[in-house]
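> Mind folding the following:
(2 chains)
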Amino acid sequence: MAIDAATVRKVAHLARIKTPEDRLEPLAQELNGILKWIEQLDEVDVQGVEPMTSNVSQPLRLRDDVVTDGDKVADVLSNAPKSADGFFVVPKVVE
Amino acid sequence: MTDLTKLTLADAVDGLKAKTFSSEELTQAFLTNIEASNPTLNAYVEVTADKALEQARASDARLAKGEGGALEGAPLGIKDLFCTEGVQTTAGSNMLRGFVPPYESTVTANLWRDGAVMLGKLNMDEFAMGSSNETSAFGPVKNPWKSKGSNADLTPGGSSGGSASAVAADLCLAATASDTGGSIRQPAAFTGTVGIKPTYGRASRYGMVAFASSLDQAGPIAKTVKDSALLLNSMCSFDAKDSTSLDIPTPDWTQSVGQSVKGLRIGVPKEYVLDGMPAEIQKLWEQGVEWLKAAGCEIVEISLPHTKYALPTYYIVAPAEASSNLARYDGMRFGHRAEEFTSLDDLYATSRAEGFGKEVQRRLTIGAYVLSAGFYDAYYVKALKVRRRIAQDFDNVWGQVDAILTPSTPSAAFAIGDKQIDPLTMYLNDVFTVTTNLAGLPGISVPAGLSADGLPLGLQVIGKALDEATVFQVAGALEDAAGFVAKPDRWW
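Residues are numbered from 1 along each chain as shown, chains lettered A, B, ... in the order given. Take a look at the predicted model:
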């Protein structure tokens, strides 16, 4: 499954990373190298094996459905690139 | 007066309790050493001198009253991916430059509860993605060790390179670190220090900047096995704020260090013999086997047949989880926001291109690819299945052995710039360590000898899930037998 410049452009968009046109081809080559190495996994027989998503076998805990925290507007906004009047300020997104 | 910065954590804690010296004196000694050394070694990205001295004075007040916790007055370094309230936390990235958390990570909160003093935040590979500290936005950390007859600067390994370098150069008593594929154990091996990654779920991930959540685990880097046990005692706890935190008691692991290993069965996995592995690594491993035999262990050859698939599995699972975790950096609520943009989408993409370094971008791209429609089953689900095979390999041998002995790394520390050309060469650093992350098992690296070039080499002990006690026991025996006392000659 070789990756070409067009695929890199698509994946870079999925990852929301702006990638200049002249970087697409070198990146495609790098990724091909890595993916070719990864494809040795095809040798492994995984017939009937359940995918392993976690090392922890315990069921997720439930907690009481009550408010435990809040009223921290200043904390929440303290690292915002831009904020005003208790809100995040973001660029206009609807024309 | 003796140089206080050369003390072990255990001896320093005892000295503080006995009032042989004060925490303020000890803290000041470290601050002086950091001031002289850090411009060269670049281990700290931020030194919190005022906060440190304030904490030290508070500790001295408690010690004067005969009070204080298990780490009372002990100055530590904190890897810069643990959120520290009011102190910049960057994870080595320009994306988080200037980010000041309004909350404390559980691991560091535990340390302050036990009386520790924070000297500052330690350099690391960007978002913990790297094995040499060269991906840090703050520049590479230098290893205090140098090859015999060479003046080349070496890497301390990564991603916890700042932690390892600071401990090796006596810029803190011990340090926190984190390990996703080997990021505690590989730098420990490269710097002649001890590093342990506990069982997944022992240490809370709350307030740790996330890389790959099913693999990330915090642990200490320290000067001795006992020191690492002492620090791990404090770092671990059940935490309702981390859904994968294990609700089980934390034993006192210092009690395991020094216990006899007589009768323990130690597995030696034949698949860890690599083609082209340096002879001195093989020799050190054989030496480790001999030491444990002499201490009364039974050596059992074992097979972990899927070992060679661990790294390729990791390079699907970790980037996939990272691409999901790091989606939060969109330039909206915190982190870097681009100044110039043409649309909302362009703002996201430009902020991320400006904020993330090259290796992080590479891994996020791989992650997005293996999770994308059409490739999800072929890559991601496949890797999760192989991951279970790797975990089952370990399950299959625990009936025959109590712990496993392997080398920590396939080589000694390498020069800065040496392995940057090909990402795959860099990835191979983690070949011996990454299996325990995938399986969630505890693993420790203990300094065991010097290479022909005079550089430290480590041995790794892997244990059953939740059996850190045996890991510490075996590590203690190796430490005793190796008698590793070498320190780098001070050139910095």
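> show me where chain A has helices.
Assigned by DSSP state H, the helices in chain A fall at A:5-14, A:21-38, A:73-77.
> what comes into contact with the strand or helix carrying residue B:446?
Using DSSP states H and E, the element containing residue B:446 is strand B:443-450. Contacts with strand B:443-450, where a contact means C-beta atoms under 8 Å, 6 or more residues apart in numbering or on different chains, come from B:184-186, B:188-189, B:192-197, B:225, B:228, B:284, B:287-288, B:408, B:433, B:436, B:456-463, B:471-472, B:475, B:478-479, B:482, B:484, B:486. Using the backbone N, CA and C atoms, a C-beta is placed for each residue, glycine as well.
> And stretch A:66-83, by the same measure?
For stretch A:66-83, the external contacting residues (C-beta under 8 Å, 6+ apart) are A:86-90, B:98-103, B:331-337.
> in chain A, what residue is nearest chain B?
As assessed by C-beta to the nearest C-beta, chain B sits closest to residue A:55 within chain A, at 2.8 Å.
> tell me the contacts of the nearest residue to that residue once chain neighbours are set aside?
With sequence-adjacent residues excluded and distances taken as C-beta to C-beta, 6 or more residues apart in numbering or on different chains, residue A:55 is closest to residue B:440, at 2.8 Å. Contact partners of residue B:440, counting by C-beta under 8 Å, 6+ apart, are A:55, A:56, B:199, B:200, B:201, B:391, B:465.
> Could you report the pLDDT at residue B:440?
pLDDT recorded at residue B:440 is 97.
> follow-up on the earlier one: mind listing which of the contacts of strand B:443-450 are in helices?
Counting by DSSP H, those place B:185-186, B:188-189, B:225, B:228, B:284, B:287-288, B:436, B:471-472, B:475, B:478-479, B:482 in helices.
> which one of those residues has the most neighbours?
Within those, most neighbours by other C-beta atoms under 10 Å in any protein chain shown means residue B:188, with 38 neighbours.
> Next one: the residue nearest to that one when sequence neighbours are not counted from residue A:67, what distance?
Take residue B:188 and drop its neighbours on the chain: the residue closest to it by C-beta to C-beta, 6+ apart is residue B:195, 3.0 Å away. Residue B:195 sits 40 Å away from residue A:67, going by C-beta to C-beta, to the nearest Å.
> higher neighbour count, those two?
The neighbour comparison of residue B:195 against residue A:67 (other C-beta under 10 Å) goes to residue B:195, with 35 against 6.
> got a list of what that one touches?
Residues near residue B:195 by C-beta under 8 Å, 6+ apart: B:160, B:164, B:177, B:179, B:184-185, B:187-189, B:219-222, B:228, B:444-445.
> go with 7 Å
Residues in contact with residue B:195 (C-beta atoms under 7 Å, 6 or more residues apart in numbering or on different chains) are B:177, B:184, B:185, B:187, B:188, B:219, B:221, B:228, B:444, B:445.
> Excluding chain neighbours, give the residue nearest to the closest residue to chain A within the stretch 1-150 of chain B in space.
Using C-beta to the nearest C-beta, residue B:102 is the residue of the stretch 1-150 of chain B that sits closest to chain A, at 3.9 Å. In space, residue B:102 comes closest to residue A:75 once its chain neighbours are excluded; the distance is 3.9 Å by C-beta to C-beta, 6+ apart.
> which SSE is residue B:178 in?
Take DSSP H and E as the rule and residue B:178 turns out to sit in strand B:174-179.
> between that strand and strand B:443-450, how many degrees?
Interaxial angle, strand B:174-179 versus strand B:443-450 (axes from the mean of the first three to the mean of the last three C-alpha atoms, to 10 degrees): 120 degrees.
> Please work out how many residues are found near residue B:153.
Applying other C-beta under 10 Å, we find 17 residues neighbouring residue B:153.
> and what of residue B:130?
By other C-beta under 10 Å, the residues close to residue B:130 number 28.
> so who does the nearest residue to it once chain neighbours are set aside touch?
Leaving aside its sequence neighbours, residue B:130 sits nearest to residue B:158 (C-beta to C-beta, 6+ apart; 4.5 Å). For residue B:158, the contact set (C-beta under 7 Å, 6+ apart) comprises B:124, B:125, B:130, B:131, B:132, B:133, B:183, B:187.
> May I ask you to confirm that the fifth one is in contact with residue B:155?
Yes: with contact taken as C-beta atoms under 7 Å, residue B:132 and residue B:155 are classed as touching, separated by 4.0 Å.
> any idea how far the host helix or strand of residue B:386 is from the chain center?
Secondary structure from DSSP H and E places residue B:386 in helix B:382-397. Distance of helix B:382-397 from the chain centroid (C-alpha atoms, centre = their mean, to the nearest Å) equals 23 Å.
> How about stretch A:63-75?
Distance, centroid of stretch A:63-75 to centroid of chain: 26 Å (C-alpha atoms, centre = their mean).
> So what's the predicted local confidence for the nearest residue to residue A:63 once chain neighbours are set aside?
What sits nearest to residue A:63 in space, not counting adjacent residues and going by C-beta to C-beta, 6+ apart, is residue B:240, at 6.9 Å. We note a pLDDT of 94 for residue B:240 in this prediction.
> Name the SS class of residue B:240, please.
Three-state call for residue B:240 (DSSP: H, G, I helix; E, B strand; the rest coil): coil.
> how many other residues sit next to it?
13.
> Write out the residues of chain A neighbouring chain B.
Chain A has residues A:11-12, A:14-18, A:30-31, A:33-34, A:37-38, A:40-41, A:44, A:46, A:49-56, A:60-61, A:63, A:75, A:78-81, A:88, A:90-91, A:93 near chain B, with proximity defined as C-beta under 7 Å from any C-beta of the partner chain.
> So how do I select the buried members of those residues in ChimeraX?
Of the residues of chain A next to chain B, the buried ones can be selected in ChimeraX as follows, counting by 16 or more other C-beta atoms under 10 Å in any protein chain shown:
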select /A:11,12,14,15,16,17,18,30,31,34,38,41,44,46,49,52,55,56,79,80,81,90
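> can you list the weak-confidence ranges in the chain?
All of this refers to chain A. The model of chain A has pLDDT under 70 over residues A:1, A:95.
> please go with chain B instead
Applying pLDDT under 70 to chain B flags residues B:1.
> Strands of that one, residue ranges please.
B:44-47, B:75-79, B:117-122, B:174-179, B:194-197, B:217-222, B:265-269, B:298-302, B:403-407, B:443-450, B:456-463 (DSSP state E).
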